[in-house]
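> Here is the input, now give the coordinates:
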Amino acid sequence: MPSTAEHTILRELLAHPGRWVSGTALAGKLGVSRVAVWQHMEKLRAAGFGFEAQRARGYRIAARPAALFAPLIELEQRVRPRGFSLLVLDTVDSTNDEAARQLAAGRATPFAVLARRQTRGRGRFGRTWHSDSSANLYASFAFRPRVEPERMQTFTLWMGVNVCALLEKFAGVSPGIKWPNDILFDGRKAGGMLTEARIDADRIRDLVFGLGLNVNSPAAGWPADLARRAVSLAEVTGAPLDLNRLAAALVGRVLLAFQTFADGEHRDTFADLWHRHDLLRGKHVALLEGGRRHAGTVTGLDDEGALLLRATDGKTHRFRAGEVTLEKAAS
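Got it, this is the predicted structure:
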């Protein structure tokens, strides 16, 4: 991790985007020599920063790290609840698993675990999540909520529409969500969510919300079995995104969304957000529940987040879990 001096230099340069910051001013703020300032900036260059330097004018940022860089994320954050901490790892088995270990060790919540790579990333039903590219986001958020277990039915759905709303604002894209936890663009998957909790009889002991998001992976970078099913935000926008800015914005949005949910204030906006990003309403689908297959037309969600499926006989059925695939409507 960068020293306090490097953190200060970075903060000063970020506070004046595109403008020159004099080396003398930086040296005075740090109480060190100009040579020492240069040495600290060399360490920041090693982390992926590029700087322009001009005699009598100073320094300014010319390039930012492509990979996750914890101090940069922290400096870009606009939302920081009391006690929040951020852990950025180079490689981890799974950010959800690391968050669970940190909870078991007594780490104060809320906190977030981000990784440049995962070796055992996973989604629902234990499926593997392709996580070997540092161009993407692998993140888990840990909480000890004061929320009754029965209220958690809509949690992942609420967080999903908030992630979609963030991407819409941040990248100018139009993501859709496929119940219950997939983020898609034109039928190709860009993100997935996994919520895991330890639950006592009448309360949730702790909660981990995990998100894998394909950000800057190139089209040619997918394994053969994913090439037609996966997509990155960069493919959708036509240009790479600033991964650290996106990470900071995501952290802020998730923390605010969690607090809104915990306070019960999400009910006022959840239906509108879901309707805006819902990919299944009005579509003919097949839903696998255990070993049983159900077919019908999706009519929406109920108040508990269950999928409403109108069968061919006109009856509507509720499903709290299942695997959904789109089908052609019966003629």
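> Which parts of the stretch 101-250 of the chain are helices?
All helices of the stretch 101-250 of the chain, identified by DSSP state H, counting those that start in this stretch, fall at 155-171, 233-237, 243-262.
> Of those helices, which is nearest Leu309?
With C-beta to C-beta as the measure, helix 155-171 is the member of the helices of the stretch 101-250 of the chain nearest Leu309 (15.9 Å). Every C-beta, even on glycine, is put in place using the N, C-alpha and C of the backbone.
> which helices and strands does that closest one pack with?
Where contact means 3 or more C-beta pairs under 8 Å, 6 or more residues apart in numbering; DSSP states H and E, helix 155-171 is packed against strand 176-178, strand 182-185, strand 188-199, strand 204-213, helix 233-237, helix 243-262, helix 267-277.
> how near is the closest residue to Thr154 other than its chain neighbours to Gly291?
Of all residues not flanking Thr154 in the chain, Gly305 sits nearest, at 3.9 Å (C-beta to C-beta, 6 or more residues apart in numbering). As for Gly305, its distance to Gly291 is 23 Å (criterion: C-beta to C-beta, to the nearest Å).
> Neighbour count for the two, which is higher?
Remark: of Gly305 and Gly291, Gly305 carries more neighbours, 19 against 5, as counted by other C-beta atoms under 10 Å.
> isn't the more buried one right next to Asn181, touching?
No - Gly305 is not in contact with Asn181 according to C-beta atoms under 8 Å; the separation is 11.1 Å.
> roughly how far apart are Ala306 and Gly160?
Counting by C-beta to C-beta, the gap from Ala306 to Gly160 is 15 Å.
> how about the closest residue to Leu255 other than its chain neighbours, secondary structure?
Spatially, and ignoring its direct neighbours in sequence, Leu255 is nearest to Val79 (5.3 Å; C-beta to C-beta, 6+ apart). Of the three states, Val79 takes coil under DSSP: H, G, I helix; E, B strand; the rest coil.
> need the contact list for Val79.
Val251, Gly252, Arg253, Leu255, Leu256 (C-beta atoms under 8 Å, 6 or more residues apart in numbering).
> go again using 10 Å as the cut-off
By C-beta atoms under 10 Å, 6 or more residues apart in numbering, the contact set of Val79 is Ala248, Ala249, Val251, Gly252, Arg253, Val254, Leu255, Leu256, Gln259.
> so what's in contact with Gly305 and Asn181 at the same time?
Taking C-beta under 10 Å, 6+ apart as the criterion, Gly305 and Asn181 both touch Thr156, Leu157.
> among the contacts of Val79, who's most crowded?
Val251 (24 neighbours).
> does it really touch Val113, like I thought?
No - Val251 is beyond contact range of Val113, at 11.0 Å (criterion: C-beta atoms under 10 Å).
> Now do the residue most central in space within the chain against Leu137, distance only.
Centrality entry for the chain: nearest residue to the mean C-alpha point is Leu211, 4.9 Å, by C-alpha atoms, centre = their mean. According to C-beta to C-beta, Leu211 stands 7 Å off from Leu137.
> any common contacting residues for those two?
Residues touching both Leu211 and Leu137 by C-beta under 10 Å, 6+ apart: Thr95, Leu114, Gly191, Leu250.
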